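Novice: curious how this folds, go ahead:
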Amino acid sequence: MRAAVYARVSTSNHGQDPAVQLREIVEYCKRRGWTVTSEYVDVGISGTKEKRPELDRLLADAHRRKFDTIVVWKFDRFARSVSHLLRALETFQALGIEFVSLTEGVDTSTPTGKMVFTVLGAVAELERSLICERVRAGLRNAKAKGKRLGRPKKILDVARIAELRKRGRSWRKIARTLQCSTRTARRALQKAGQKAKRGNFATGTVKKLTADPKLTPEGLAESL
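Specialist: So this is what the prediction gives:
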């Protein structure tokens, strides 16, 4: 069994030394008859950071199947949260790599370790459900207070869009000019053309359309 070792300390002073972790992990691997193929050590990096140089290298090597199991001294040396740990364990499981936490005595290759993995998954799922419920409750409360949710509605000058189309401008250039997406600009002109054909424009708009021959129902239809 090829084993990879990961260790981390938050600071390089105050008596923190990754060698303490590495020594116990290597001795454990020897007792199990495993060969330590690589060591990954992050020094002076907080556990709250998900991105760490040596951890990133370990994950990359895991995808290359350079080892069969990963051994850490403690959960909090490896993962910054339960959800982070669970995502990593799911990745290792998909790659066929086992995970061992020496202090907690967790080994995913054993029935007990698999049970712990299942419990962690259930806890993470419960956490996600609670967060979703809190978000939904907040949205309901905001709606009850009359607050408008979602992205603010962008009001476009349909006359301007039609005029630019008449000049032969592309949808991309029109969108850049009006600071919107091409889809939004196209949809606004299409809706205006449909309303013009049905005669459902407001009085002021109808007058504007009548005054400008480019913005008649036929003109808008031509611009589409």
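Novice: lowest-pLDDT helix or strand in the protein?
Specialist: One helix or strand of the chain scores below all others by mean pLDDT, DSSP states H and E: helix 203-211, with a mean of 47.
Novice: isn't residue 158 right up against residue 192?
Specialist: Yes. With contact defined as CB atoms under 8 Å, residue 158 reaches residue 192; the gap is 4.2 Å. C-beta here means a position set from N, CA and C on the backbone, and glycine is covered the same way.
Novice: how much space separates residue 52 from residue 145?
Specialist: 43 Å (CB to CB, to the nearest Å).
Novice: more neighbours: which of those two?
Specialist: Taking other CB atoms under 10 Å, residue 52 and residue 145 do not tie; residue 52 has more neighbours (19 against 7).
Novice: tell me the contacts of that one?
Specialist: 8, 42, 45 (CB atoms under 8 Å, 6 or more residues apart in numbering).
Novice: now do the helices in the protein.
Specialist: Under the criterion DSSP state H, the chain carries helices at the ranges 18-32, 53-63, 75-78, 82-95, 111-144, 158-166, 171-178, 182-198, 203-211, 217-223.
Novice: how about the CA coordinates for the first one, as CSV?
Specialist: Included here for helix 18-32 are C-alpha records, laid out as CSV according to Å, rounded to 0.1, in the frame of the first residue of the first chain:
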residue,chain,number,x,y,z
PRO,A,18,5.3,19.4,11.7
ALA,A,19,8.0,16.8,12.5
VAL,A,20,5.9,15.8,15.5
GLN,A,21,3.0,14.9,13.3
LEU,A,22,5.2,13.3,10.6
ARG,A,23,7.0,11.1,13.1
GLU,A,24,3.8,9.5,14.5
ILE,A,25,2.3,9.1,11.0
VAL,A,26,5.4,7.4,9.6
GLU,A,27,5.6,5.1,12.6
TYR,A,28,1.9,4.2,12.0
CYS,A,29,2.5,3.5,8.4
LYS,A,30,5.4,1.2,9.2
ARG,A,31,3.2,-0.8,11.6
ARG,A,32,0.7,-1.2,8.9
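Novice: show residues contacting it.
Specialist: 1, 3, 5, 7-9, 35-36, 39, 41, 43, 71-73, 77, 100, 102.
Novice: so for that helix, mean pLDDT?
Specialist: Per-residue pLDDT over helix 18-32 has a mean of 89.
Novice: list the buried residues for it?
Specialist: Buried residues in helix 18-32, counted by 16 or more other CB atoms under 10 Å: 18, 21, 22, 25, 26, 28, 29.
Novice: again with the longest one
Specialist: Using 16+ other CB under 10 Å as the burial criterion, the residues of helix 111-144 that qualify are 113, 116, 117, 120, 124.
Novice: now swap in the third one and tell me
Specialist: Applying a neighbour-count criterion of 16+ other CB under 10 Å, the buried positions in helix 75-78 are 75, 77, 78.
Novice: what's it in contact with?
Specialist: With contacts defined as CB under 8 Å, 6+ apart, helix 75-78 is touched by 6-8, 21, 47, 55, 72, 85, 88, 101, 103-104, 106.
Novice: can you check stretch 53-73 too?
Specialist: Contacts to stretch 53-73, defined as CB under 8 Å, 6+ apart, come from residues 1-8, 21, 24-25, 28-29, 34, 37-38, 40-42, 45, 78, 88, 91-92, 95-103, 109.
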